[in-house]
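Asker: here is my input, please return the structure:
(2 chains)
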There are 2 protein chains.
Amino acid sequence: MSEDISQRIEQLIRSDEELDAARYAEVAEDLEPDQVALLLESLPRDERQECWEQVPEEQRVDVLVEMRAEARAPLVKELDSRTLDQLISGLDAETLIELGESLPDDVVDIALARMDERQRAHYERSAQYDEDAIGRYVDHDLLILPQNSRVRDAERLLRREVPEYTTHLWLVDRTGRYTGAVPTLSLFGKPDHLPLVDLIDDEIEPLSALRSLKEATEAFEHAEISALPVVDENGLLLGRMSMRLALELLHEQYESQMMASAGLDEEEDLFAPVMRSSRRRATWLGINLLTAFLASWAIGLFEGTLQQVVALAVLMPVVASMGGIAGSQTLTLMIRGLALGQITAANMMPLLRKELSVGGLNGVLWAVVIGIVASWWFSSFAIGVVIALAIVVNIAVAALSGVLIPILLDKLKIDPALSGSVILTTVTDVVGFVVFLGLGSLFLL
Amino acid sequence: MSEDISQRIEQLIRSDEELDAARYAEVAEDLEPDQVALLLESLPRDERQECWEQVPEEQRVDVLVEMRAEARAPLVKELDSRTLDQLISGLDAETLIELGESLPDDVVDIALARMDERQRAHYERSAQYDEDAIGRYVDHDLLILPQNSRVRDAERLLRREVPEYTTHLWLVDRTGRYTGAVPTLSLFGKPDHLPLVDLIDDEIEPLSALRSLKEATEAFEHAEISALPVVDENGLLLGRMSMRLALELLHEQYESQMMASAGLDEEEDLFAPVMRSSRRRATWLGINLLTAFLASWAIGLFEGTLQQVVALAVLMPVVASMGGIAGSQTLTLMIRGLALGQITAANMMPLLRKELSVGGLNGVLWAVVIGIVASWWFSSFAIGVVIALAIVVNIAVAALSGVLIPILLDKLKIDPALSGSVILTTVTDVVGFVVFLGLGSLFLL
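Answerer: Sure, this is the predicted structure:
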């Protein structure tokens, strides 16, 4: 699919022809709304606006829902009031939840006023849950029956058009509390008057609306079902969540983690305006500058030594970078372990022992190699010894920090995948420079 | 769930009591096989072996299947021949495919000899596909009917026990070619003699066994179905793939990408033996050492200058690291874009222009800040000017490399998420040092 999208982007940008409805229809033939969204996001902002104007009106809401917030906002802003009006009439609760962040508050109010009462109630309930909670993403389109229904009631319901991923019917009591799930397949060959409660599948555990999206994905890896019921604190059946949504959310979660590790936002637009993009990235650069100055300050402590033994200045990056790499290997293993819940106070010591041993072995190995190269390069045995010692110490410190920093961050409820690497390399830089230049001051002056 | 696992790990390691079957049963109560696998992986190797011996025999195969290969191999190796014998009797094709890499070839042969003929045929077909192909992971447990069947045949089939995620029946012609999918829900209220072909859902496109796992995940994001049929090159129905498997594979894929970015393997065991772990990580450290020496060599070109202006040595890390961070921001945006198929020859120029503008703005901003700090620190206006110029140049080069390096790697079929960052920082280090020290030589001597 992704290659297919690339070709269509080429077709759109390359052509000299004016983009009209006919040519758009040709390029976007057979595309699903999320693919159109991706196509739009791949275009520079002016071309994007032109192309957006050709998207058929009936597809526009679905496309907007799939777009990243930052790319979506200007398209919504440019809509004239008549189109906006059409767009917000007849939205369902889930769509308004998704679009909400890109719509001005007054437009959300109008959309709510236009909604039918039932959808508005759904919206208001979903909006109470925060962005990471299952309750916010509940799908309200599902087949519900009173718990005293019989097989014939179920069969009557199933003869109508059913929502996607319908594999179960959900039973509720008179107050709307969830009482059980009946697999549709269990109905085959059953007598008409059999009560549905006799067919309930006890293995199915409803999701709690308050739990996190991550827990929903975990549940789907165990439940053998394509959509799970979602209940609130009082056991009321709010709706369901599909595995497809869990898949999509997992995708987004990983994407945002990758982006966050470079100080970026998942909603970031490929063609964001230069000013906005610069401002956002400046923060991350500023944080990094502080850590870089810290490293410089460490070097500055040894100005006198550097002046006399300039070889130390030349070799500094080797010490710092070997520590950084060794540390990041341990850190990565720890981040995975923490995400899986594998790291506890009880196995921390054996883990630390193992990582220190690995660090020790690699430290000695590479210290010898680097020592020999440095001795030969600067024709000084002493320089070789100094850098070799510094490498051993820095790789050991790196292993230690690689284990302890993520545990510490996790205890402080900071995501180690996000800031672990900045802190780690600051430690290995500063320690590396101080040990290397310190040893140099002792032995080479 | 992950917190729950942590508690059980604590329980297992903390206790002074001998681990016997009763205590294991208590700790591992209600755990699914993948959770037991995770529990085992979280234990140091000796404790792991002890704990493994308490896992009930009937659960062992399922647990082994879920484990990472490196943690699994020693457990399999330690099995006595009687237990191994029990373990490999009655394996199905999918399980043997998964376990295959941890079993010695002769054991695989014995397992194959013990399999029933049908499963062996499945195994041999799956094993032909390579590790990234859908065909390798086909699930053979599904409901198939001849294409001339009628509603009553389908209902008869559905009254028996059905495999998980059964939402459709699959029709094949006399030669086994896939002819269509019939939604089980469409059977309700239909006359017994109605041919099933009249109920085929045309929207369902079978997956080709040769395509990649990534394409399977993409298909599930569009198809409104929890398991898709898989066909071979000739249209023969091989089996199906469930969305649950796609979810699991997506998880693994991201994990292995994260691990690979630090030169690690997804199958890496948290408690791998020190020697093996050291050897594996040494390669990555070695590659990094070469790039570090490259940076040292660049610095070495300016030994004379450094001797006279030691402030340059002190400030070197600032220039290199600002370039590295700015570049990695662009790189990350590009890696996401490439993964989504968003980057093409046609939109590369506007993208480059945007990234250079962002880099230019941030370059100038931070150049001024750093220039002022450096001037004040070393009481020299000239040093401030030199470092400011170097920062502007290095951040611009970083933006340029951040766009071009991933595109180049992608063209060469190398995953930019894997090696992009090593190459990028080498470029920003070398360019940063050369420009900074070069300008220093010109203006400060």
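Asker: name the helices or strands packed onto the helix or strand where A:T95 lies?
Answerer: When elements are assigned from DSSP states H and E, A:T95 belongs to helix A:93-99. Contacting helix A:93-99 under the criterion 3 or more C-beta pairs under 8 Å, 6 or more residues apart in numbering or on different chains; DSSP states H and E are the following elements: helix A:57-66, helix A:105-114, helix A:117-127. Backbone N, C-alpha and C define where each C-beta goes, glycine included.
Asker: now it, how far from the centre of its chain.
Answerer: Taking C-alpha atoms, centre = their mean, to the nearest Å, one finds helix A:93-99 lying 20 Å from the centre of the chain it belongs to.
Asker: can you name the helix or strand that A:E161 falls in?
Answerer: Assessed by DSSP H and E, A:E161 sits outside every helix and strand.
Asker: who's in contact with the residue nearest the centre of chain A?
Answerer: Nearest to the geometric centre of chain A sits A:Q253, at 2.1 Å (C-alpha atoms, centre = their mean). The neighbourhood of A:Q253, defined by C-beta atoms under 8 Å, 6 or more residues apart in numbering or on different chains, consists of A:L213, A:K214.
Asker: residues from the stretch 101-250 of chain A in reach of chain B?
Answerer: A:155, A:158-159, A:162, A:164-167, A:184-185, A:187-189, A:215, A:217-218, A:220-222, A:224-226, A:243-244, A:246-248, A:250 (C-beta under 8 Å from any C-beta of the partner chain).
Asker: mark which of those residues are buried, thanks.
Answerer: A:155, A:158, A:162, A:165-167, A:184-185, A:187-188, A:215, A:217-218, A:220-221, A:225-226, A:243-244, A:246-248, A:250 (16 or more other C-beta atoms under 10 Å in any protein chain shown).
Asker: go through the lengthiest helix in chain A and flag the buried ones.
Answerer: Across chain A, the longest stretch assigned as helix under DSSP state H is helix A:345-377. By 16+ other C-beta under 10 Å, the buried positions in helix A:345-377 come out as A:346-347, A:350-352, A:354-367, A:370-371, A:373-375, A:377.
Asker: and stretch A:48-67, by the same measure?
Answerer: Applying 16+ other C-beta under 10 Å to stretch A:48-67 flags A:R48, A:C51, A:W52, A:V55, A:R60, A:V61, A:V63, A:L64, A:V65, A:E66, A:M67 as buried.
Asker: out of those residues, who's near chain B?
Answerer: Within these, nothing lies near chain B by C-beta under 8 Å from any C-beta.
Asker: name the nearest of those residues relative to A:S102.
Answerer: A:L64 (7.4 Å; C-beta to C-beta).
Asker: list the contacts of that closest one.
Answerer: By C-beta under 8 Å, 6+ apart, the neighbours of A:L64 are A:A37, A:R72, A:L75, A:V76, A:L87, A:L99, A:S102.
Asker: ok, now A:R114?
Answerer: A:I88, A:S89, A:G90, A:L91.
Asker: and those, which are buried?
Answerer: A:I88, A:L91.
Asker: I'd like the helices and strands packed on helix A:93-99 written out as a markdown table, with distance to A:A399 added.
Answerer: Formatted as a markdown table, these follow (distance: least, C-beta to C-beta, whole Å):
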| stretch | distance to A:A399 |
| --- | --- |
| helix A:57-66 | 44 |
| helix A:105-114 | 52 |
| helix A:117-127 | 46 |
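Asker: closest one to B:L290 among these?
Answerer: helix A:57-66 (43.7 Å).
Asker: using CSV, write out the CA atom coordinates for the closest one.
Answerer: Written as CSV, here are the backbone C-alpha positions of helix A:57-66 (Å, rounded to 0.1, in the frame of the first residue of the first chain):
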residue,chain,number,x,y,z
GLU,A,57,-18.1,16.3,0.1
GLU,A,58,-19.4,13.0,1.3
GLN,A,59,-15.9,11.8,2.0
ARG,A,60,-14.6,14.9,3.7
VAL,A,61,-15.6,14.1,7.3
ASP,A,62,-14.1,10.7,7.2
VAL,A,63,-10.9,12.1,5.7
LEU,A,64,-10.6,14.8,8.4
VAL,A,65,-11.1,12.2,11.1
GLU,A,66,-8.1,10.3,9.8
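Asker: and A:M322, which of the helices and strands packed on helix A:93-99 is closest to it?
Answerer: helix A:57-66 (44.6 Å).
Asker: that closest one: how far from the chain's middle?
Answerer: That offset, for helix A:57-66, works out to 23 Å (C-alpha atoms, centre = their mean).
Asker: and the average pLDDT for it is what?
Answerer: For helix A:57-66, the per-residue pLDDT values average out at 89.
Asker: tally of neighbours for the closest residue to chain B within the stretch 201-350 of chain A?
Answerer: Residue nearest to chain B within the stretch 201-350 of chain A (C-beta to the nearest C-beta): A:G341, separated by 2.9 Å. A:G341 has 20 neighbours, counted by other C-beta atoms under 10 Å in any protein chain shown.
Asker: touching, it and B:R8? I think so.
Answerer: No. Applying C-beta atoms under 8 Å as the test, A:G341 and B:R8 come out as separate, 9.5 Å apart.
Asker: picking up where we left off before, after the longest helix of chain A, heading C-terminal, what element do we hit next?
Answerer: Toward the C-terminus from helix A:345-377 - assigned by DSSP H and E - lies helix A:381-411.
Asker: any idea how far that next one is from the chain center?
Answerer: Using C-alpha atoms, centre = their mean, the offset of helix A:381-411 from its chain centre is 31 Å.
Asker: now what about the helix or strand bottoming out on mean pLDDT in chain A, what contacts it?
Answerer: Of all the helices and strands that make up chain A, helix A:2-14 has the lowest average by mean pLDDT, DSSP states H and E, namely a mean of 80. Contacts to helix A:2-14, defined as C-beta under 8 Å, 6+ apart, come from residues A:19, A:27-28, A:31, A:35, A:38-39, A:42-43, A:47, A:51, B:218, B:339-347.
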